[in-house]
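1. pasted the sequence and its predicted model underneath.
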Amino acid sequence: MKFPLGTILATPAAVALLRSKGVSPIDLLIRHASGDWGDVYAQDAVANNEAMHSGARIFSAYQIGQNKVWIITEADRSSTCLLLPSEY
């Protein structure tokens, strides 16, 4: 794990999507915490790599079927949330 996740939260819609596709939220959290940002733009990946050292927010996006799940770790590392883009 490259940074602390803090309290882990997930929206009901994100949990329902992952469950319906047989994807474990833990697997996505492990990817996120180990620096696998998923399907983000190159500049977001660079920003995430810098954020691990500067203390800024960290953002990952994972394609799940026709949908995406976002994972956001707050800048203060107090919490990490799994959510759908439409819920942001």
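-> Great, that's in hand.
2. what's across from the spatially most central residue of the chain in the sheet?
-> In the chain, the C-alpha nearest the mean C-alpha coordinate belongs to residue 71, at 1.9 Å (C-alpha atoms, centre = their mean). Each beta-bridge partner of residue 71 is listed here, defined by DSSP bridges: residue 60, residue 82.
3. thinking it is in contact with residue 81, fair?
-> Yes: Residue 71 lies in contact with residue 81 (C-beta atoms under 8 Å); the separation is 7.2 Å. (C-beta placed from N, C-alpha, C; glycine too.)
4. got a list of what residue 11 touches?
-> Residue 11 makes contacts with 81-84, 87, as judged by C-beta atoms under 8 Å, 6 or more residues apart in numbering.
5. residue 14 versus the residue located most distally from the centre of the chain, what's the distance?
-> Among the C-alpha atoms of the chain, the one farthest from their average position, using C-alpha atoms, centre = their mean, is that of residue 20, at 18.4 Å. Separation of residue 20 from residue 14 (C-beta to C-beta, to the nearest Å): 11 Å.
6. just to revisit the earlier point, now do the residue nearest to the centre of the chain, the pLDDT please.
-> On the pLDDT scale, residue 71 is placed at 98.
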